[in-house]
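Enquirer: Coordinates only, no sequence provided:
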C-alpha cells in the first residue's frame, strides 16, 4: 500500500525526462497505481484491518459489505478487481457499481470524490442527472443507498412541476450543485428536484460549448479554407516545375492571417524543419479538407485507436482516447447532450484545450513574459474549465492526465506531446 502515492506521482512531473524516458515511464505499470491498489486503499479508509496482501480476504470483505446493502456483485468479479486481472470499464455501465461500493463502505462526500477521481478515473457526480444528484445529497447527509433509491423512485413518480423558466445552460450545473448544498431536509431535496425535473433531460451543455469553441479556433473558418487552397495551388505549380519561393511567401502571409491555429502550427513545423525549402516536402493533399475532424486529429498527430494500442500505454490512457468517431459524437448536439460517456467528453475537452492553449502561446508573444509560470497558468485554466463543466481537476495519477501535465512542463509542450503520440 502506498499512502504517499499522490505526492510521489506528482513529483514525477518535475523529473527531467527526455522523450524516450517519458514514453518508458508511461509504459511501466509500476509507475501508476492500479485499480486493485486503489480499491485496497478504499477498504482501509472504510476500516478494513485484515491482511492487505490477501486479495481473496479483501474481496470477501467487500462482497459481504455489498451484501449488507442488498447489492451483491459477483464474488469472482470482485476477486478479479483485487487480483488485477480485470478493471471496471470507465463507462456508464460501471458507475452504478462504483456508487454501490461507496455506499457499502459508508463513504462521505469527500471520500466519494477521492474514489472517483483517484481510483476509478471518472467524474464523481453529474449534478444534472437526477439519480446522481440524489446520490450527491445522500453521501453529503449520510443517507443509505436504500433511502436514496426510495427518494429517486418518489421523484420519478411525482408529477412534473417544472416551472418552464429559461435556464442558463453554462451555469445550470453549478446552480444545481449549490441548491443541493442548500437543501437541509429530504423534503427540500425532493421539492427542488421535482420542480426542476424537466430540466434534467439533457446535460454536458458547458462542455459542449467549450469543445465547439476550441474546435472553431483550431480549425478556423472560411479564411482557413481559402488560405489552404492558395498554398495547395502553389504546391501543385511547384510540382510542375514552378518556383518554391511563392510557397514560402504564402506561408509567411498565412501565419499573419486569422486562420485556424492548427494550420498555423502545421506551417510553423514546416518552417522550422525546412526553412525556405517547403516545396519538396509538401504535398497538395496535405491541405485537403482543412475544416474536417480528420484534419484536426492528423495535425495533432493523434494515431488511430488500433495503432495507439501498440504503444503499450496504460489502458486508462488509451480507453476513450479522442478519435475521429468520438470527436464526431461529442460534436453531435443530440448525442453529447444525453451521453453518459463522461470519460470521452473529459478527454476530448483536455486534448482540445491543450492545443488551444499552447498554440496561442506559440503565436502570441504577450504570453512569453510569463515564462516558467505558463505551466501553472495552463493547469489552473484547464482545471477551472473542467470544474465549470462538472469534472474533476487533472490528476497526475491518471495516466491520461499525466501525459498533459508532463508535456506542459517541457520547453516545447506541443512538441513533447506529439513526440509521445
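Expert: On my side now, so go ahead. Predicted, not measured: the structure shown is a model, and the values here were computed from it. Numbering: from 1, shown residues only.

Enquirer: what packs against the longest helix along the chain?
Expert: Secondary structure assigned by DSSP state H gives helix 342-363 as the longest helix of the chain. Secondary-structure packing of helix 342-363 (3 or more C-beta pairs under 8 Å, 6 or more residues apart in numbering; DSSP states H and E): helix 205-219, helix 261-274, helix 324-330, helix 374-388, helix 399-408, helix 413-420. Any C-beta I mention is one placed from the backbone N, CA and C, and that applies to glycine too.

Enquirer: and if we set it to 6 Å?
Expert: In this structure, helix 342-363 packs against helix 205-219, helix 261-274, helix 324-330, with contacts taken as 3 or more C-beta pairs under 6 Å, 6 or more residues apart in numbering; DSSP states H and E.

Enquirer: Distance-wise, check residue 42 relative to residue 118.
Expert: For residue 42, the distance to residue 118 equals 9 Å [C-beta to C-beta, to the nearest Å].

Enquirer: go on, residue 128?
Expert: Using C-beta to C-beta, which is the criterion applied here, residue 128 is 23 Å from residue 118.

Enquirer: Please apply the same query to residue 208.
Expert: Residue 208 sits 27 Å away from residue 118, going by C-beta to C-beta.

Enquirer: Leaving out the residues flanking it, which one is nearest to residue 392?
Expert: Leaving aside its sequence neighbours, residue 392 sits nearest to residue 117 (C-beta to C-beta, 6 or more residues apart in numbering; 4.3 Å).

Enquirer: Equivalent analysis for residue 326, please.
Expert: Nearest residue to residue 326 in three dimensions, chain neighbours excluded: residue 344, at 5.2 Å (C-beta to C-beta, 6+ apart).

Enquirer: returning to that earlier point: if you count surrounding residues, which of residue 128 and residue 118 has more?
Expert: Taking neighbours as other C-beta atoms under 10 Å, residue 128 and residue 118 compare with residue 128 leading, 24 against 19.

Enquirer: and that one, what does it touch?
Expert: If you count contacts by C-beta atoms under 6 Å, 6 or more residues apart in numbering, residue 128 has them with 173, 203.

Enquirer: hmm, 7 Å instead?
Expert: Applying C-beta atoms under 7 Å, 6 or more residues apart in numbering to residue 128 gives the contacts 172, 173, 176, 200, 203.

Enquirer: can you check residue 80 too?
Expert: residue 86.

Enquirer: Tell me the buried residues in the host helix or strand of it?
Expert: According to DSSP states H and E, residue 80 maps onto helix 75-83. Within helix 75-83, the residues that qualify as buried are 75, 78, 79, 80, 81, 82, counting by 16 or more other C-beta atoms under 10 Å.

Enquirer: pLDDT and distance to residue 388 added to those residues, as JSON lines?
Expert: Shown next, in JSON lines, are the buried residues of helix 75-83 (pLDDT from 0 to 100; distance: C-beta to C-beta, whole Å):
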{"residue": "75", "pLDDT": "94", "distance to residue 388": "41"}
{"residue": "78", "pLDDT": "97", "distance to residue 388": "36"}
{"residue": "79", "pLDDT": "97", "distance to residue 388": "40"}
{"residue": "80", "pLDDT": "97", "distance to residue 388": "37"}
{"residue": "81", "pLDDT": "97", "distance to residue 388": "33"}
{"residue": "82", "pLDDT": "97", "distance to residue 388": "36"}
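
Enquirer: mind listing which of the contacts of residue 128 are in helices?
Expert: Of the positions in the contacts of residue 128, 172, 173, 176 sit in helices, assigned by DSSP H.

Enquirer: in the host helix or strand of residue 231, what counts as buried?
Expert: Assigned by DSSP H and E, residue 231 belongs to helix 222-239. Of the residues in helix 222-239, those buried under the neighbour-count criterion (16+ other C-beta under 10 Å) are 224, 225, 227, 228, 230, 231, 232, 234, 235, 237, 238.
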